[in-house]
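**Q** quick one, what's the 3D model for this:
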Amino acid sequence: MSIETHSPMKKSLLFSLSCFLPLLIPVSPLDAQSKIGFRQLSSTTPVVIQRGTTQVLNIRSNFTLDDAYQVFFDKPGIHATFLETKPIKAPRRGRGGTGTPFRFRFEVPKNQPTGVYELRVATKIAVSSATHLLVTDYPVVLESPKENGQQNSAQPVTLPVAIAGTASPGEDVDHYKFHGKKGQQITAQIYAQRVTHSIHGMQSGNAIYLMDPILFLYDQAGKMIAQNDNFIGADSLIAVTLPQDGDYTLEVRDTRYVGNPKYVYCLEITDSPFVHAVFPSAIERGKTTEVDLIGNALGTTRTSNVTIPPDESLGWKKMEISTQRGPSNPVWVFVSDSHQVVSKPTNRNFENASPVTFPQGLNGQFLEPRQTHYYSFEAKKGETFCFDVWANRKGLPLDPVLEIYNASEKYLVQSDDGLQTKDPKMYFKVPTDGKYYLAVRDLHGRSGERFLYHIDAKPAGPDFEVHGQYYYSQIAPGTRMIWFVKLKRLNGFRGPVKMEIEGLPKGVSQVSVTIPPTMNDCALILEAAKNAPINASLVRVIGKATVSTNTGKKHLVRYGRVTCELQNQGGGQVPAPIHTQLVGVTRPLDLLTVTAEPNRILLKPGGKAKIKVRIERNPKFSDPVTLATEFKYFKQILGSQLPPGVKLTAGSTGRLGKNVTQGTLILEAAKNATPVKNYPIAVLARVSITFSITTNYASNPIYLTIPQVQKKVKPRSKKSP
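**A** The predicted structure is shown next:
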């Protein structure tokens with residue numbers, strides 16, 4: 001069966017957390033698998049493929065991938081075909097389970113950009129979580145099944161090479177041998193965490209999560225000449241000039257000697273030009289900029305001219321850079337419309353601060369320990385500015401800290417660490433007219449060629465971010481599902497936000513919803529038509545609003561920030577950034593319908609309202625079902641939809657026991673509950689799949705109205721004549 005690939009659409013600025021949802025309504029009770037959760041993908045083996053080739057790879061899964069019909073990648077170009085012709089059972093074997101392999105044929109075009117790709121699978125039963133595939137420029141060699149645990153048993157390879165290996169079992173150590181010449185400049189880097197970081201369940205039986213790789217390079221006599229730990233995140237890289245002709249051996253292992261069949265890796269070894277970063281890392285669109293090259297095997301010239309066409313799209317791009325020895329590996333470059341400035345050697349104190357004119361790009365490099373770079377700007381009371389730092393998110397070691405000082409050099413505010421990144425993003429509202437200083441430094445006072453930053457500095461007006469739960473959804477024909485959205489309002493934004501989902505599969509529509517100025521949460525309710533075909537697509541959650549500015553109306557479009565659910569030590573859940581949101585129309589699931597009555601509720605402040613809930617079970621499913629209006633993980637609320645001041649009372653049915661099909665939820669409104677009119681909400685019906693995974697179904701929309709409390713006006717007292 002052929003499997004189409006689908007471009008993910010662009011990522012954006014925002015957030016989501018955990019496991020997400022299918023929901024339902026009338027469907028014929030066709031045969032269905034009992035307790036259906038998302039397809040929990042494990043590692044891809046081998047995890048690397050050379051561009052311009054076709055290879056058969058295994059995608060491992062803790063639930064069956066039978067009837068897989070489509071594979072999605074976060075960037076277009078790769079084509080995949082499901083090769084299994086007979087059903088394969090794939091039981092989940094505890095938290096340390098490796099998953100069952102399913103064969104896919106991958107075809108990668110010759111011009112496919114290299115790098116790590118996120119991939120998802122859609123089956124007729126369910127959609128999947130994420131795993132990864134690395135596309136390389138180098139010939140791929142598989143780790144030999146023969147023992148390579150000692151230097152004298154090292155597996156021979158020829159450069160350049162991409163070695164696909166696995167750090168397993170426990171205490172596994174792998175060795176690879178290549179022949180080198182004196183003066184040859186070698187770069188060896190391992191992809192380990194970068195090709196497993198978004199996999200739902202990576203923990204070992206000893207509750208350790210991801211592989212922590214380390215590299216050692218030995219000469220022919222067994223003497224260590226280089227070693228590295230934690231270069232790009234936890235992944236290691238060695239760049240070295242060989243001291244003599246002879247054989248050299250690279251050793252790969254986990255720093256803790258942990259082994260796990262899911263600890264797949266790719267070790268790239270090359271003597272080609274290798275660029276870690278360019279400085280400045282931001283280039284103005286339509287201009288040619290000379291950049292410094294930071295890397296290995298570049299020749300005697302360490303600069304290059306980079307030209308950005310005037311029609312190039314804005315944002316971060318991976319680009320090959322021209323070097324004296326030929327084109328480099330792809331490296332991150334930020335394409336901007338703002339004028340770019342480079343930190344001067346003199347701006348190390350307030351007196352010599354570099355002036356900023358907004359909008360502007362600020363680029364700096366810490367070459368000496370304990371440096372602080374200073375920038376100055378004039379501002380008026382009430383103005384708001386945004387300083388967005390990029391370093392850690394692009395694989396650089398800097399842990400940046402931002403600080404603001406006033407004209408008297410008095411400290412005002414600090415920003416450290418953004419959302420799931422060490423890169424801060426600061427919004428600063430000016431308290432009084434005057435001069436201000438922006439200071440940037442490394443948290444630990446470190447320095448080096450790769451300690452670079454780019455700050456996107458610009459004026460900021462009323463704005464918002466979109467967060468919530470929308471990692472995936474599986475939905476049967478004739479049924480409904482729900483996602484959750486939480487707004488983060490910025491810089492005084494108080495307007496309504498219309499929420500939409502872009503790119504829905506054929507036959508799926510969304511219940512229209514606008515978050516009013518008085519709220520920050522909503523439900524996104526999706527409906528699959530009764531005749532919706534089985535199909536899937538990558539989608540994007542979008543918020544749209546209009547704000548008034550000095551020059552007129554400004555339309556804001558903000559995309560939801562997506563995170564996937566990871567199962568951490570002890571079986572808990574943590575969110576991790578991800579690039580894709582997947583919705584799939586499936587066969588009937590555990591619950592065939594979830595019906596809520598009435599579908600319109602007038603809830604007066606201080607009053608109560610009952611919602612009668614009825615579920616129709618698949619004949620094969622009899623387990624308990626949880627009813628709720630919030631999406632919770634134990635006591636942690638991950639998603640809300642009720643207006644402030646409205647809650648479920650203690651008399652509500654929280655759980656439908658085995659084979660029970662009916663329950664009641666009771667809404668109660670406080671006297672000061674937020675007024676809404678025909679605001680769509682839905683009842684959640686949750687089925688537990690594992691300790692940390694649930695399949696979340698939902699009812700038909702219920703349109704909630706809470707009237708405005710009329711203030712009593714005291715009658716005027718009559719004056720005596």
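
**Q** any residues touching the helix or strand harbouring Ser43, and which ones?
**A** Element membership of Ser43 [criterion: DSSP states H and E] is strand 41-45. The contact list for strand 41-45, computed with C-beta atoms under 8 Å, 6 or more residues apart in numbering, reads 57-62, 97-99, 101, 119-121, 128-133, 164, 166, 195-196, 199-201, 261-262, 264. For every residue, glycine as well, the C-beta is placed using N, CA and C.

**Q** which ones are touching Ile525?
**A** Contacts for Ile525 (C-beta under 8 Å, 6+ apart) come out as 23, 480-482, 510-511, 513, 680, 682, 698, 701.

**Q** redo that, cut-off 10 Å
**A** If a contact means C-beta atoms under 10 Å, 6 or more residues apart in numbering, then Ile525 has 23, 480-483, 509-513, 641, 680-682, 698-702 as its contacts.

**Q** for the helix or strand where it lies, list every residue counted as buried.
**A** Under the criterion DSSP H and E, the helix or strand holding Ile525 is strand 521-528. Of all the residues in strand 521-528, those buried under the rule 16 or more other C-beta atoms under 10 Å are 521-528.

**Q** let me see the mean pLDDT of stretch 102-116.
**A** For stretch 102-116, mean pLDDT rounds to 97.

**Q** check which residues of that stretch are buried.
**A** 102, 104, 106-108, 112, 114, 116.

**Q** can you add distance to Ala297 and give the residues you listed back as TSV?
**A** Converted to TSV, the buried residues of stretch 102-116 look like this (distance: C-beta to C-beta, whole Å):
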residue	distance to Ala297
Phe102	39
Phe104	35
Phe106	30
Glu107	31
Val108	25
Gln112	24
Thr114	17
Val116	22
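
**Q** looking at those residues, which is nearest Gln70?
**A** Nearest to Gln70 among the buried residues of stretch 102-116, counting by C-beta to C-beta, is Phe104 at 11.3 Å.

**Q** give me the distance between the closest one and Arg39.
**A** Phe104 sits 13 Å away from Arg39 when distances are taken as C-beta to C-beta, to the nearest Å.

**Q** pull up the overlap in contacts between the two.
**A** Shared contacts of Phe104 and Arg39, defined by C-beta under 10 Å, 6+ apart, are found at 59, 65, 68, 121.

**Q** of these, which belong to strands?
**A** Per DSSP state E, strands hold the following members of the shared contacts of Phe104 and Arg39: 59, 68, 121.

**Q** go through stretch 45-61 and flag the buried ones.
**A** In terms of neighbour count (16+ other C-beta under 10 Å), stretch 45-61 has its buried residues at 45-51, 57-61.

**Q** where's the closest residue to Pro369 other than its chain neighbours relative to Thr421, distance?
**A** Leaving aside its chain neighbours, Pro369 sits nearest to Ser447 (4.9 Å; criterion: C-beta to C-beta, 6 or more residues apart in numbering). Note on Ser447: its distance to Thr421, by C-beta to C-beta, is 21 Å.

**Q** same check, this time on Gly52
**A** Per C-beta to C-beta, Gly52 is found 34 Å from Thr421.

**Q** just the buried residues of stretch 102-116: which are in strands?
**A** The strands in this structure, assigned by DSSP E, contain 102, 104, 106-107, 116 from these.

**Q** circling back to that earlier point, Serialize the buried residues of strand 521-528 to CSV and add fields for pLDDT and distance to Ala239.
**A** What follows is the buried residues of strand 521-528, written out as CSV (pLDDT from 0 to 100; distance: C-beta to C-beta, whole Å):
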residue, pLDDT, distance to Ala239
Asp521, 97, 49
Cys522, 97, 50
Ala523, 96, 51
Leu524, 96, 47
Ile525, 95, 53
Leu526, 95, 49
Glu527, 95, 55
Ala528, 95, 53
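
**Q** ok, back up a step: which pair in the buried residues of stretch 102-116 spans the largest distance?
**A** The largest separation in these, counting by C-beta to C-beta, is between Phe102 and Thr114 at 25.0 Å.

**Q** the strands in the stretch 401-550 of the chain, which residues?
**A** Counting by DSSP state E, counting those that start in this stretch, the stretch 401-550 of the chain forms strands over residues 411-416, 425-429, 434-442, 452-459, 463-469, 472-475, 480-490, 497-502, 508-510, 513-515, 521-528, 536-538, 540-549, given from the N-terminal end onward.

**Q** just name the most buried of those strands.
**A** Relative to the other members of those, strand 472-475 carries the highest mean neighbour count by mean count of other C-beta atoms under 10 Å, namely a mean of 30.

**Q** list the strands paired with it, with their directions.
**A** Strand 472-475 has the following strand partners under DSSP bridges: strand 582-585 (parallel).

**Q** how about low-confidence regions in the protein?
**A** Low-confidence segments of the chain, defined by pLDDT under 70, are located at 1-34, 94-96, 204-207, 569-572, 712-721.
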